[in-house]
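Trainee: kindly generate the corresponding structure for this input.
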Amino acid sequence: MDLILEDLAAIDNKLSQRYIELDPGGYFIIYLDRGAGLIYAKHFTNVIDEKGLAVDPETGKVIPARGKVERTHTTVFSGRTAKELGIKIFEQTQPCPVTQLDHAAYLGREFVRAEVALVSGQEYIQD
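Mentor: The predicted structure is shown next:
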């Protein structure tokens, strides 16, 4: 069983290194509030430049992929489950802040990972 888990982890790690096109609708920072029993997703807007990089629409500066960035979110979504959070973002928010299908699939995976971490007490780090 451990070998299978290691193989699956290796596949995920490799796929996490692939190039992705960024969503012009923005990005999300996902985190847990264990005390409240909630999954949160902060939405930030961005613009995609000619190089495919996310740019802060207010400053025109490239948003770094790593490190701390001081930006103000546009919306905060929360839910007790991955499904509840997904419905709030994808079905109840107009216009939907997610404009690409691959971004929607990624968020669904991350919301499930966050829910599992919330229920199990495991650490959650967004991929």
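Trainee: CA only for contacts and neighbour counts going forward, please
Mentor: OK.
Trainee: other SSEs contacting the helix or strand harbouring Leu107?
Mentor: Applying DSSP states H and E as the criterion places Leu107 in helix 101-120. Where contact means 3 or more Cα pairs under 8 Å, 6 or more residues apart in numbering; DSSP states H and E, helix 101-120 is packed against strand 27-33, strand 38-44, helix 82-90.
Trainee: average model confidence for the last one?
Mentor: Within the predicted structure, the mean pLDDT of helix 82-90 is 98.
Trainee: contact partners of it?
Mentor: If you take Cα atoms under 8 Å, 6 or more residues apart in numbering as the criterion, helix 82-90 is touched by 39, 77-79, 96-98, 108, 111-112, 114-115.
Trainee: in it, which residues are buried?
Mentor: 82, 85-86, 89 (16 or more other Cα atoms under 10 Å).
Trainee: got these as CSV, with distance to Ser120 columns?
Mentor: As requested, these are exported to CSV (distance: Cα to Cα, whole Å):
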residue, distance to Ser120
Ala82, 14
Leu85, 18
Gly86, 20
Ile89, 24
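Trainee: using CSV, list the CA coordinates for the least confident helix or strand in the chain by mean pLDDT.
Mentor: Every helix and strand in the chain was compared by mean pLDDT, DSSP states H and E; the lowest is helix 2-15, with a mean of 86. Taking Å, rounded to 0.1, in the frame of the first residue of the first chain, the C-alpha atoms of helix 2-15 are listed here in CSV:
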residue,chain,number,x,y,z
ASP,A,2,2.8,2.4,0.8
LEU,A,3,4.3,1.9,-2.6
ILE,A,4,1.0,2.8,-4.3
LEU,A,5,0.8,6.0,-2.2
GLU,A,6,4.4,6.9,-3.1
ASP,A,7,3.6,6.3,-6.8
LEU,A,8,0.5,8.5,-6.6
ALA,A,9,2.5,11.2,-4.8
ALA,A,10,5.2,11.1,-7.4
ILE,A,11,2.6,11.5,-10.2
ASP,A,12,1.1,14.5,-8.4
ASN,A,13,4.4,16.1,-7.8
LYS,A,14,5.5,15.7,-11.4
LEU,A,15,2.2,17.2,-12.6
